[in-house]
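Enquirer: no FASTA, just this:
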Ligand SMILES: Nc1ncnc2c1ncn2[C@@H]1O[C@H](COP(=O)(O)OP(=O)(O)OP(=O)(O)O)[C@@H](O)[C@H]1O
Ligand SMILES: [Mg+2]
């Protein structure tokens, strides 16, 4: 684990990923700074989810390199598991264990994977539930919660592992409109607290207000990237302009 002089928490260099003949990530270069909040935007099928999955080792890459916290992301085995325990991921579908209480869902990872004592994990779990605004739900099962509440539990569960990086893949896409805000509010606070975040979302209001940089992907290529104000007002590429028009006027 030699320290390197690179600055980013995550570095993608010429990352390539194909499924059969389908080149899904085509020479992706991306540096994600400590404490940076990035929104990844782009049309359906452009490779956004695949890129997130490669960053936390759910997919292997076919070419290039991914570095996390100054070391190459391990390709498999215990080393990859260890690296992945430092990266939180939140999906569109919350994937909570239905037969466990909210608090049990949150304490499971720390207890099993990090050997945190049960009572300590519980204490921290309750703090996290407080932080995402639903301390009163600790002893209920996921089915008794709204979608927005379940997604906040999923965020608390990821945070319970004390991740250095949080990846969000369309965390509000499955939610009714009135529940979207409460989830985005939690994410906004997380960004303010300095968490390094990569968020795939179509919520351009969130992008505009919260993120430091928008990365626009199309057909597996980063077409352009920049601060949100610049991206919305003055996208450089035709494809990004079309995308912004569509999303703002739909
Ligand atoms: N496991 C897989 N096997 C085969 N092809 C896949 C697999 N996962 C993704 N793909 C293909 O890779 C391409 C990119 O998919 P990906 O899910 O990364 O897109 P996306 O940008 O997240 O799209 P969306 O906005 O619809 O979620 C698509 O053509 C998809 O069909
Ligand atoms: Mg996707």
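Expert: Received, thanks. A quick note: this is a predicted structure, and the numbers were derived from the prediction, not measured. Numbers count the residues shown, from 1 in each chain. Ligands and ions are numbered 1, 2, ... in the order given.

Enquirer: how close does the residue lying closest to residue 91 once chain neighbours are set aside sit to ligand 1?
Expert: In space, and not counting its chain neighbours, residue 91 is closest to residue 169: 5.3 Å by Cβ to Cβ, 6 or more residues apart in numbering. (Glycine included, C-beta is placed from N, CA and C.) In this view, residue 169 and ligand 1 are 7 Å apart by Cβ to the nearest ligand atom, to the nearest Å.

Enquirer: quick one, phi/psi of residue 169?
Expert: For residue 169, the backbone dihedrals (degrees, to the nearest 10) come out as phi -110, psi 100.

Enquirer: Correct me if wrong: residue 67 contacts residue 10.
Expert: Yes. Between residue 67 and residue 10 a contact is recorded at 7.0 Å, counting by Cβ atoms under 8 Å.

Enquirer: Which one's more surrounded, these two?
Expert: Comparing residue 67 with residue 10 by other Cβ atoms under 10 Å, the one with more neighbours is residue 10, at 25 against 17.

Enquirer: Ramachandran angles for the residue of the chain positioned farthest from its centre?
Expert: Centroid-distance maximum for the chain: residue 119 at 28.1 Å, with Cα atoms, centre = their mean. Phi and psi for residue 119, reported as degrees, to the nearest 10, are phi -70, psi -30.

Enquirer: Residue 25 and ligand 1, how far apart?
Expert: 8 Å.

Enquirer: now swap in residue 163 and tell me
Expert: Taken as Cβ to the nearest ligand atom, the spacing of residue 163 relative to ligand 1 amounts to 21 Å.

Enquirer: Now for that residue: which residues touch it?
Expert: By Cβ atoms under 8 Å, 6 or more residues apart in numbering, the contact list for residue 163 reads 86, 87, 88.

Enquirer: Is it possible to mark the buried ones in those?
Expert: 87, 88 (16 or more other Cβ atoms under 10 Å).

Enquirer: Can I get the contacts of residue 163 in a markdown table including distance to ligand 1 and secondary structure?
Expert: Below are the contacts of residue 163 laid out as a markdown table (distance: Cβ to the nearest ligand atom, whole Å; DSSP: H, G, I helix; E, B strand; the rest coil):
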| residue | distance to ligand 1 | secondary structure |
| --- | --- | --- |
| 86 | 23 | coil |
| 87 | 17 | strand |
| 88 | 18 | strand |
